[in-house]
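Enquirer: Okay, here's the prediction I keep looking at, along with the sequence it came from:
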2 protein chains.
Amino acid sequence: MSTDEQIKKDMYFMQRAIDEAKAAYREGEIPIGAVVVCRDRIIARAHNLTETLNDVTAHAEMQAITIAESELGGKYLQDCTLYVTVEPCIMCAGAIGWAQLQRIVYGCPDIKRGYHEYAPKAFHPKANVTSGVMEEECKALMQRFFQERR
Amino acid sequence: MSTDEQIKKDMYFMQRAIDEAKAAYREGEIPIGAVVVCRDRIIARAHNLTETLNDVTAHAEMQAITIAESELGGKYLQDCTLYVTVEPCIMCAGAIGWAQLQRIVYGCPDIKRGYHEYAPKAFHPKANVTSGVMEEECKALMQRFFQERR
């Protein structure tokens, strides 16, 4: 696959993650969305539900991993890519590591809570990370959410 | 409360976490158990269910946090103590941080996967950590499990 094709594909799947983030936004949740893709097919979609479920573990990535594992009938997601609108936190990065996800694509960084700062070795050693895909759109959703709540 | 009373109490609750770990062991799961205690009352008990549920996120601590939040009807567990038989991993440490647990008591260290090495700042800055409570019993269960599988 050419780099151009890969970029197009990444934008396509990130847009699906953004759709999930928008659903979270409409529900009054911090707007973060995720999808898990296996051989070009979306096998899990989820968005943050921490307020609705009163549960700090209900991040988009955590739910997407659980759904994907259920879909594939196995605990490991080596052949899968996780697309998520915001840089994963420590908890989600740990889950991504356990699931052995081989590729992680995220939109905008999370300087305060992101795994880069707090758990840089959380992912599987062979995992490949792409950041900044549709970054502005992912960031704008977050900024709008927090500005409205100030 | 005197130090002696605190030690007695910690051993009592750790024994309940070990009971959970033993339940995991009987189910063929890596034997790790956890309880959440709020004002001297156990509000959540859980054990590792990653194999049974085919879900890497089903660690004892994750389930215990979700159950405790549901029991209290809120996302934060500031007044609670988490007792867990083994040092939490990156994922669980991240969840413990999000839940703002103020005290964490664990049995034996996990040198390979523990948060100390990989996410040392995961907990709430004010959280208090006690390690080594009934360490030998917690460790023996883990060793027995892995020896049987070699």
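Expert: Looks like it came in fine. Just so it is clear, the structure is predicted and the values come from calculations on it, not from any experiment. Numbering: from 1, shown residues only, chains lettered A, B, ... in the order given.
Enquirer: okay, now residue A:40: neighbour count?
Expert: 9 (other C-beta atoms under 10 Å in any protein chain shown). C-beta: built from backbone N, CA, C; applies to glycine.
Enquirer: Is the helix of greatest length in chain A positioned near chain B?
Expert: Longest helix in chain A, counting residues (DSSP state H): helix A:3-26. No. Applying C-beta under 8 Å from any C-beta of the partner chain, one finds helix A:3-26 separated from chain B by no less than 15.5 Å.
Enquirer: Which elements pack onto the helix or strand that that helix is followed by?
Expert: Beyond helix A:3-26 on the C-terminal side, the first helix or strand identified by DSSP states H and E is strand A:33-38. Packing partners of strand A:33-38 (3 or more C-beta pairs under 8 Å, 6 or more residues apart in numbering or on different chains; DSSP states H and E): helix A:3-26, strand A:41-47, helix A:60-72, strand A:80-86.
Enquirer: let's see 10 Å
Expert: Packing partners of strand A:33-38 (3 or more C-beta pairs under 10 Å, 6 or more residues apart in numbering or on different chains; DSSP states H and E): helix A:3-26, strand A:41-47, helix A:60-72, strand A:80-86, strand A:103-108.
Enquirer: To residue B:6, which of those lies closest?
Expert: helix A:60-72 (33.5 Å; C-beta to C-beta).
Enquirer: Okay, angle between the closest one and helix B:60-72 too, please.
Expert: With axes from the mean of the first three to the mean of the last three C-alpha atoms, to 10 degrees defining the directions, helix A:60-72 sits at 110 degrees from helix B:60-72.
Enquirer: Could you identify which of the helices and strands packed on strand A:33-38 is most buried?
Expert: strand A:80-86 (a mean of 28; mean count of other C-beta atoms under 10 Å in any protein chain shown).
Enquirer: that older thread, just want the angle from the longest helix of chain A to strand A:103-108.
Expert: Between helix A:3-26 and strand A:103-108, the angle comes out at 60 degrees (the same axes, to 10 degrees).
Enquirer: With just CA atoms, put helix A:3-26 into CSV.
Expert: Extracted in CSV, the C-alpha atoms of helix A:3-26 (Å, rounded to 0.1, in the frame of the first residue of the first chain):
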residue,chain,number,x,y,z
THR,A,3,1.7,6.1,1.8
ASP,A,4,-1.1,8.1,0.1
GLU,A,5,-3.4,5.1,0.4
GLN,A,6,-2.5,4.6,4.0
ILE,A,7,-3.1,8.3,4.8
LYS,A,8,-6.5,8.1,3.1
LYS,A,9,-7.4,5.0,5.0
ASP,A,10,-6.3,6.4,8.3
MET,A,11,-8.4,9.5,7.7
TYR,A,12,-11.4,7.4,6.8
PHE,A,13,-11.2,5.4,10.0
MET,A,14,-10.4,8.4,12.2
GLN,A,15,-13.5,10.1,10.8
ARG,A,16,-15.5,7.1,12.2
ALA,A,17,-13.8,7.6,15.6
ILE,A,18,-14.7,11.3,15.4
ASP,A,19,-18.3,10.3,14.7
GLU,A,20,-18.2,8.4,18.0
ALA,A,21,-16.6,11.4,19.8
LYS,A,22,-19.5,13.5,18.5
ALA,A,23,-22.0,11.0,19.9
ALA,A,24,-20.2,11.4,23.3
TYR,A,25,-20.4,15.2,22.9
ARG,A,26,-24.2,15.1,22.3
